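Colleague: The sequence isn't on hand, but the structure is:
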């Protein structure tokens, strides 16, 4: 199923994005991507106020509509939408997004996703296992998002954090496409083709990541626009994907595989024009050109080092897939997975670490076996006499169109039926549904549908293209929501890129372990072909193993709703988590040591620095800047308040509050909740507060609190 690549279909982050990389000015339009209000007006403008000020941007139906008005209402709504988008965002910025998401992530990525199968299977004549291994290498850049984010954050090129990284990536991708489409590569040099495809995908990933961060930042600065820019982006993406799939299927059937990548070269290069003409809303920084910002790296050392470690592991796994045996790849996959999970629990707070590991395992345990499945569906009669024998027009073109339609249906079903569920329920239910959808592949592989008189084309369209796509999308959306909610204020792009990179690495692990499973069950994809064990392979990899994540949801996923906050605005969750881990306070229900010593003995110690609650091993964690900012906030001693933020550590059922106390008094304020009852201890000594807190089972506060 090469034409469905989850890596390239990641939904955009709908939350805030790190504003440190490029601070946007609120005046003007062309340079900033949006137009109109200044900073003061933006901060106090609500949606209703904006609607009142700009009525022509919104469609308001008349009280009693005629039949003609009912018929024209979709057009009227669309016209209002385009006026609203054009009124809020500059034309160069909108055209850049069309270039990036229709030309690059829509068309170009689709050509890549669907073109790998005919290129390696028909042009290079490699086995299904080699095709899957080379696909893993080609898709490795999706796991490098965190590394790319760190590089663009810390080292601007010629005064810009994003612009020239996109330029370099687009040029590299264009050259790679030209080489693939012109030079002769035979099966013994297939590793060279995989390496070139790596750089092709790198261009897509860089454009996607940096443009996504920019439009989400602009969206955050103009919150009344809601999802307008998301609709624009994903409308462009869908159109580009349909165009590419419509062309790719017939070209593959007519053995025009290399010509397909000729088309990709100008698609890759066209994004250079809007970027160099200033369509990307990014201000030039004062930092010297091409110098590394060591201070920013030190301030965010943990998250940056974790992203770099993930990038190194991803590249190591790619090298193993190129040159090592399947057994060595299996050992490398398991070892790297264990190392990364340990690193996550060491470097991140419990809540963030658990969620990250769950999202990683949910991808890694759904073993990818497209090297067997894709070859089974497209095998000719010489390889498999009684097979589906799908053409590329059906397997690529019509299937991709159907997948887009039914993925959108999955979004609608999730929004209307599951949007108010708990995270745990959403994850385990959707995991079960996606696993059960694998039964359709088993039915086709066993040829049971033929015995029932059901054609292969109909069964595949019903199973993978319809049921699976709906189930996969409703399984995917909670992961996107949770990923967005785990990103702390001020570091959204860095943390989001790191979390998304971990999930993509999980898919790389799934492909790598899937290679060993194909070999273990002796599925042969070249003449003489042998697909007799394919039903068992699908059952193990797509049904049984993914269900192992169901019990993990009750340990690794927080007990919270999809609309609840996981990390409060302005909070410092690493600080809180570290406090819980090192036993701050007394007993298993750790209390806050306001002015207490880090050892947790409850003794008074004057002002409670934010760093008091940072575990010594995590003193360089990515949340430290928020803690330092909180500590340094200026306020008169008589007006100094305790700013408390909480984080839940379910393993100890405790909450840790980050407190900043009056330096002239040895007291602090404590706020906690249990159910509907709240308690506050103000003016109490630190030891009294700790004792009071240790008697209650604490729950996380719903928002940051000034006491």
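Modeller: That came through fine. What you see is a predicted model; the values in this text were computed from it and never measured.
Colleague: The residue lying closest to residue 261 once chain neighbours are set aside: neighbour count?
Modeller: With Cβ to Cβ, 6 or more residues apart in numbering as the measure, residue 181 is the residue that lies nearest to residue 261, at 4.2 Å, once sequence neighbours are left out. C-betas here are computed from N, CA, C, even on glycine. Here the number of neighbours of residue 181 (other Cβ atoms under 10 Å) works out to 17.
Colleague: mind checking which helix or strand residue 181 is in?
Modeller: With the criterion set as DSSP states H and E, the secondary-structure element containing residue 181 is helix 163-182.
Colleague: is it true that the residue nearest to residue 261 touches residue 257?
Modeller: No: taking Cβ atoms under 8 Å as the definition, residue 181 is not a contact partner of residue 257, at 9.2 Å.
Colleague: follow-up on the earlier one: tell me what the helix holding residue 181 is packed against?
Modeller: Other elements packing on helix 163-182 under the criterion 3 or more Cβ pairs under 8 Å, 6 or more residues apart in numbering; DSSP states H and E are helix 145-154, helix 190-221, helix 257-269, helix 272-276.
Colleague: Which pLDDT does the model give the spatially most central residue of the chain?
Modeller: Nearest to the centroid of the C-alpha atoms of the chain, with distances taken as Cα atoms, centre = their mean, sits residue 500, at 3.6 Å. The score at residue 500 is 82. That number is its pLDDT.
Colleague: Which residue comes closest to it once chain neighbours are left out?
Modeller: Closest residue in space to residue 500, ignoring its immediate chain neighbours: residue 145 at 5.3 Å, by Cβ to Cβ, 6+ apart.
Colleague: Test my guess that the one you found contacts residue 502.
Modeller: No: Residue 145 sits out of contact with residue 502 when judged by Cβ under 8 Å, with a separation of 9.3 Å.
Colleague: Compare these two (neighbour count), which wins?
Modeller: Neighbour comparison, residue 145 and residue 502: the larger count goes to residue 145, with 31 against 26 (by other Cβ under 10 Å).
Colleague: List the contacts of the more buried one.
Modeller: Residues near residue 145 by Cβ atoms under 8 Å, 6 or more residues apart in numbering: 205, 209, 497-498, 500-501, 504.
Colleague: how about 10 Å then?
Modeller: With Cβ atoms under 10 Å, 6 or more residues apart in numbering as the criterion, the residues that contact residue 145 are 7, 10, 205-206, 208-209, 212, 307, 310-311, 314, 493, 496-505.
Colleague: same question, residue 408
Modeller: Residues touching residue 408, when contacts are defined by Cβ under 10 Å, 6+ apart, comprise 234, 238, 469-470, 473.
Colleague: Show only the entries of these found in strands.
Modeller: With strands taken from DSSP state E, there is no overlap with the contacts of residue 408.
Colleague: Out of those residues, the closest to residue 164 would be?
Modeller: Proximity to residue 164 was ranked across the contacts of residue 408 by Cβ to Cβ; first place goes to residue 234, at 26.6 Å.
Colleague: since we're on the closest one, how many residues are nearby?
Modeller: If you count neighbours by other Cβ under 10 Å, residue 234 ends up with 18.
Colleague: before we move on, what about the one 5 residues further on?
Modeller: Neighbour count of residue 239, defined by other Cβ under 10 Å: 16.
Colleague: The closest residue to it other than its chain neighbours - how many residues pack around it?
Modeller: By the measure of Cβ to Cβ, 6+ apart, the closest residue to residue 239 outside its immediate chain neighbours is residue 102, 5.6 Å from it. Here the count is done by other Cβ under 10 Å, and residue 102 has 23 residues near it.
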